[in-house]
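Peer 1: predicted model and sequence below, questions to follow.
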Amino acid sequence: MAGCAAAVLVGAAAHAQTDEIQVYDAEINPPGQFSLQLHNNYTPIGRKEPDFPGGIVPNHTLNGVPEWALGITDWLELGAYAPLYSWTGAGHVLIDGAKLRAEFVAPHAAERSFFYGVNFELSFNARYWEPTHNSGEIRPIIGGRIGPVDLILDPILDTSFQGLGSLHFSPAARAAYNISETWAVALEHYADFGRLSHFAPLYAQQQLLFAVVDYKGGPASVEFGIGHGFTAGSDSLIMKLILAFDF
């Protein structure tokens, strides 16, 4: 019974999988510019049970998605994620769904010492990806620069559109040191505390810390990170790779 209770708590605290492991910095495409980001995350050592019945098992699973984005104004970018996909540890290739997003920001974040914005997402999910067909995200973006150091917090709220009680608090944070105009190193923290109305016990929460290296240049920008989970509700080892192209 104790093991069953722990599984329920873990399921209440954390999403089984994620397609995008990234802290938003309020930088968007200029009006009319199109971009493509290829997100891929692999879990060499992860949880061996799904977070909900019929869900994907994280261990040895690759998740990814192409992210298509277009700058509309200097304060608005629209994006789409399609298709979300997984290659599971059991060897199954799955199509997990799609997402739409709208990101509103203070213009020209890269030139500001204090920057901010908010991102809204609507997801259409296969039932093995999330337990509900539709879900959403509200992601405030708050950041500042002190010399070569960037400090960013995204206090994310996830929802399954089943009332205020379904809101999950899943913040992401980043502290980066810009070595040059093209290279940066960073620490990133990702968490899922569970329902906003009642946080899960610490052991059931998702708590991940990533070491990240960024390269911004041509022909593609690259972000690579290795992460470790510190709780039973987290995967022990995750690798992420983001390739970004501007057109």
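Peer 2: Right, received. Where do you want to start?
Peer 1: before we move on, what SS does Ala191 have?
Peer 2: Of the three states, Ala191 takes strand according to DSSP: H, G, I helix; E, B strand; the rest coil.
Peer 1: show me what it is bridged to.
Peer 2: On the basis of DSSP bridges, Ala191 is bridged to Gln207.
Peer 1: check contacts around it.
Peer 2: Ser170, Pro171, Ala172, Gln205, Gln206, Gln207, Leu208 (Cβ atoms under 8 Å, 6 or more residues apart in numbering). Every C-beta, even on glycine, is put in place using the N, C-alpha and C of the backbone.
Peer 1: Throw those residues into TSV and include distance to Glu188, pLDDT and neighbour count, thanks.
Peer 2: Shown next, in TSV, are the contacts of Ala191 (distance: Cβ to Cβ, whole Å; pLDDT from 0 to 100; neighbours: other Cβ atoms under 10 Å):
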residue	distance to Glu188	pLDDT	neighbour count
Ser170	13	97	24
Pro171	11	98	17
Ala172	7	98	21
Gln205	17	95	25
Gln206	13	96	26
Gln207	12	97	19
Leu208	8	98	23
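Peer 1: which one of these sits closest to Glu130?
Peer 2: Ser170 (13.0 Å; Cβ to Cβ).
Peer 1: max pairwise distance over the contacts of Ala191: which two?
Peer 2: For those, the farthest-apart pair by Cβ to Cβ is Ala172 and Gln205; their separation is 13.9 Å.
Peer 1: show me where pLDDT drops low in the protein?
Peer 2: 1-17 (pLDDT under 70).
Peer 1: what about the helices in it?
Peer 2: 2-13 (DSSP state H).
Peer 1: check contacts around the nearest residue to Thr73 once chain neighbours are set aside.
Peer 2: Distance criterion Cβ to Cβ, 6 or more residues apart in numbering; nearest residue to Thr73, sequence neighbours excluded, is Pro31 at 5.6 Å. Taking Cβ under 8 Å, 6+ apart, we find Pro31 in contact with Gly71, Ile72, Thr73, Asp74.
Peer 1: check Pro148 too.
Peer 2: By Cβ under 8 Å, 6+ apart, Pro148 lies in contact with Tyr177, Asn178, Ile179.
Peer 1: name whatever forms a beta bridge with the closest residue in space to the last one that isn't next to it in sequence.
Peer 2: Read that as Ile179. Spatial nearest neighbour of Ile179, excluding adjacent residues (Cβ to Cβ, 6+ apart): Val185 at 6.7 Å. Judged by DSSP bridges, the bridge partners of Val185 are Tyr177, Val213.
Peer 1: give me the phi and psi for Gly147.
Peer 2: Per-residue torsions, Gly147: phi 60, psi -130 (degrees, to the nearest 10).
Peer 1: what about it, how many neighbours?
Peer 2: Burial of Gly147 is recorded as 8 neighbouring residues (other Cβ atoms under 10 Å).
Peer 1: quick one: it and Tyr177, what's the gap?
Peer 2: Distance of Gly147 to Tyr177, given as Cβ to Cβ, to the nearest Å: 9 Å.
Peer 1: cool, Pro50 as well?
Peer 2: From Pro50 to Tyr177 the distance is 37 Å (Cβ to Cβ).
Peer 1: the more surrounded of those two?
Peer 2: Regarding Pro50 and Tyr177, a neighbour count based on other Cβ under 10 Å identifies Pro50 as having more, with 18 against 13.
Peer 1: so the more buried one is in contact with Ser86, correct?
Peer 2: No. Contact criterion Cβ atoms under 8 Å: Pro50 and Ser86 do not qualify, at 11.9 Å.
Peer 1: nothing else from me, thank you.
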